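>>> Take a look and give me a structure for this.
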Amino acid sequence: MAYAGGRGECIPLNHLFQMDTPIGIARSTRARSTNEAHMYSVNRLTHQSYGSVIHIERAENGSQATPFRAVQLALKERRLWMESGTKKVRILVDSQVLNPKQAEHWANEEYKSLPKCEGCAKILDGSIHTHRLSTRVFCSEDCADRDYVEEVEKLKDEEEIDYL
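As a prediction, this is how the structure comes out:
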C-alpha cells in the first residue's frame, strides 16, 4: 500500500491509481524527489515461436522512460539486426507480434493510459507531489506550487464574493 509521507499525517494513495512500487507524497508542496524511474526495456531475443524478435516490456528499471522511446529503440534495433543478415525480425509487445506501424500505435495507446502530472502532463514516475488543498498529483514541486497558488487565489476570490 502506498502512503503519503512527510510533515503531515499519512494518507493512503492506492485510491488514486495502481502502482506496483510504493510511492511517497507529502501533504505540502515540499515533497522529496527521487531519480526518474524508467519504465520500458527493449531486448533482442530468439523466441521459440516467432524467431528473431525485439521485445518491448514494462520494467521498473528499464532503459526507456516513454513508450515512444522504447518503440524508436526497437525499430532501430530491428533495422540494425536486419542489416546484419537476419531476414525477419519481429517486434513483440504484450505477447503480441506487431509491425512497425502497430508498434507506434501501441506507444500512443500506452502513453494515453499512463498517469500524468495535472500541471504539465509529464508521465509520473516514482516521485509525485501534491499539496493540502488538492488531491491531484504532480510531477514536481514547481507544478504543485503553481496549482497551490491557483487554489489559494480561488479561495480568496470566493471570500471576496461572500463579502459582497
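
>>> mind listing the helices for this structure?
Assigned by DSSP state H, the chain shows helices spanning 67-83, 100-113, 141-163.

>>> Turn those into CSV, columns for mean pLDDT, distance to Ile91 and mean neighbour count.
Placement of C-beta: from N, CA and C, glycine included. Shown next, in CSV, are these (pLDDT from 0 to 100; distance: least, C-beta to C-beta, whole Å; neighbours: other C-beta atoms under 10 Å):
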stretch, mean pLDDT, distance to Ile91, mean neighbour count
helix 67-83, 95, 5, 18
helix 100-113, 94, 5, 14
helix 141-163, 84, 34, 13
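
>>> Ignoring the adjacent residues along the chain, who's closest to the most centrally placed residue in the chain?
Centroid check for the chain by C-alpha atoms, centre = their mean gives Ile123 as the closest residue, at 3.7 Å. Once flanking residues are discounted, Ile123 sits nearest to Leu114: 5.0 Å by C-beta to C-beta, 6 or more residues apart in numbering.

>>> Double-check that neighbour against Ala121; I have them as touching.
No: contact criterion C-beta atoms under 8 Å: Leu114 and Ala121 do not qualify, at 10.1 Å.

>>> Of the two, which one has the most company?
Under the neighbour definition other C-beta atoms under 10 Å, Leu114 and Ala121 were set side by side, and Leu114 has more, 13 against 9.

>>> Once you drop chain neighbours, what's closest to Cys143?
That would be Gly119: by C-beta to C-beta, 6+ apart, it lies 3.1 Å from Cys143.
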